[in-house]
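Engineer: got a predicted structure here, sequence first:
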Amino acid sequence: MALVAGVDIGSLTAKAVVIDSATHEILGDALAPTGHRPPAAGEQVLRQALQEADVSLDNIDRLVATGYGRASIQAAGQRFTEISCLAAGIHHLLPEVRTAVDIGGQDSKVITLDETGCAEGFVLNDRCAAGTGRFLEVMAEALGVEIAQLGRLSLQAEQPAQFSSTCTVFAESELVGMLAEGKSRENIAAGLSGVVAHQVAALMSQLRYRPPFALVGGVAQNQGVCAALEELLETDVRVPDQPQMVCALGAALMGIRTL
């Protein structure tokens with residue numbers, strides 16, 4: 001049995017998976033904050049994934065790294081871009097998907113896929129916090145709630161608040177004003193979900209996208225953003241069981257191809 005590990009070091013979190021190359025079964029996985037030391041975070045999640053799989057690094061036939069911190073994994077035999085790994089991971093989990101949206105902590109990406117799972121095109125937003133997890137973190141703090149609560153709150157809204165700005169600084173100022181006016185947290189949370197969804201839709205408009213759609217990354221766990229995006233696209237948006245692990249899984253799958 002050949003084993004392959006994939007490590008994805010993102011701006012906010014590091015992820016790792018260990019899979020069986022024959023069955024593609026995930027034997028172990030782990031996730032941890034990247035913090036200020038990406039190499040240490042990568043080593044930590046890899047160690048945890050190996051422990052869960054009950055194997056050592058010596059048992060790994062191929063170690064693949066991806067993410068912005070991929071160069072920091074010294075033991076990696078291969079390195080691939082997030083685009084390639086995201087495409088491989090999505091196609092494995094949801095082969096019917098033709099457009100994948102990845103909303104991470106500090107950037108967002110849209111990738112279009114062909115029938116074989118290869119990326120046809122992509123567009124990236126890494127220069128503005130709007131439409132990313134960081135935007136929602138700042139807004140959750142201003143709203144006085146945990147970020148994990150935002151999605152649930154937005155689904156309880158009666159009339160989503162309307163934000164005039166997508167800039168994080170100005171939107172935060174608007175939010176404070178809404179609270180002073182007595183607007184409910186639920187309606188404000190729904191408005192924030194709408195801001196992210198509209199930013200993603202604007203990013204998607206730069207590509208010739210088509211359904212079915214998938215949403216991955218940390219923000220995919222926010223039910224409000226998913227619902228808002230579905231409303232804009234007027235169709236279902238699929239979310240894998242572990243949306244944050246897709247790139248790490250894709251990295252491992254890319255490694256299998258070269259065994």
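Structural biologist: Done, it's in.
Engineer: show me this structure divided up by domain.
Structural biologist: Annotated domains of the chain cover 3-88+244-256, 97-239 [automatic domain parsing].
Engineer: first to last residue in the first one, what's the distance?
Structural biologist: Between the start and the finish of domain 3-88+244-256 there is a gap of 9 Å, counting by Cα to Cα, to the nearest Å.
Engineer: and stretch 153-172, by the same measure?
Structural biologist: End-to-end distance for stretch 153-172, by Cα to Cα: 17 Å.
Engineer: for stretch 33-44, same thing?
Structural biologist: Here the two ends of stretch 33-44 are set 10 Å apart, with distance taken as Cα to Cα.
Engineer: pull out the buried residues from that stretch.
Structural biologist: By 16 or more other Cβ atoms under 10 Å, the buried positions in stretch 33-44 come out as 34, 38, 41, 42, 43, 44. From N, CA and C alone the C-beta is placed, and that goes for glycine too.
Engineer: can you say which two of the residues you listed are spatially most distant?
Structural biologist: The span of the buried residues of stretch 33-44, defined through Cβ to Cβ, is set by 34 and 43 at 11.7 Å.
Engineer: now, which of the buried residues of stretch 33-44 lie within helices?
Structural biologist: Among those, the subset assigned to helices under DSSP state H consists of 38, 41, 42, 43, 44.
Engineer: in JSON lines: the residues you listed, plus distance to residue 248 and pLDDT.
Structural biologist: As requested, these are exported to JSON lines (distance: Cβ to Cβ, whole Å; pLDDT from 0 to 100):
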{"residue": "38", "distance to residue 248": "14", "pLDDT": "89"}
{"residue": "41", "distance to residue 248": "12", "pLDDT": "93"}
{"residue": "42", "distance to residue 248": "10", "pLDDT": "93"}
{"residue": "43", "distance to residue 248": "14", "pLDDT": "94"}
{"residue": "44", "distance to residue 248": "13", "pLDDT": "96"}
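Engineer: out of those, who's nearest residue 5?
Structural biologist: Nearest to residue 5 among those, with distances taken as Cβ to Cβ, is residue 42, at 10.8 Å.
Engineer: make sure the closest one is actually in contact with residue 13.
Structural biologist: No - Residue 42 sits out of contact with residue 13 when judged by Cβ atoms under 8 Å, with a separation of 10.9 Å.
Engineer: now do the same for the residue lying farthest from the centre of the chain: its pLDDT.
Structural biologist: What lies farthest from the middle of the chain is residue 181; by Cα atoms, centre = their mean that is 33.8 Å. Note on residue 181: pLDDT of 94.
Engineer: one more: residue 126?
Structural biologist: At residue 126, pLDDT is 68.
Engineer: same question for the one 10 residues further on.
Structural biologist: Per-residue pLDDT puts residue 136 at 92.
Engineer: same question, residue 252
Structural biologist: Predicted confidence (pLDDT) at residue 252: the value is 97.
Engineer: now residue 147
Structural biologist: Looking at residue 147, the pLDDT reads 88.
Engineer: tell me how many other residues crowd it.
Structural biologist: The burial count assigned to residue 147 is 18, neighbours taken as other Cβ atoms under 10 Å.
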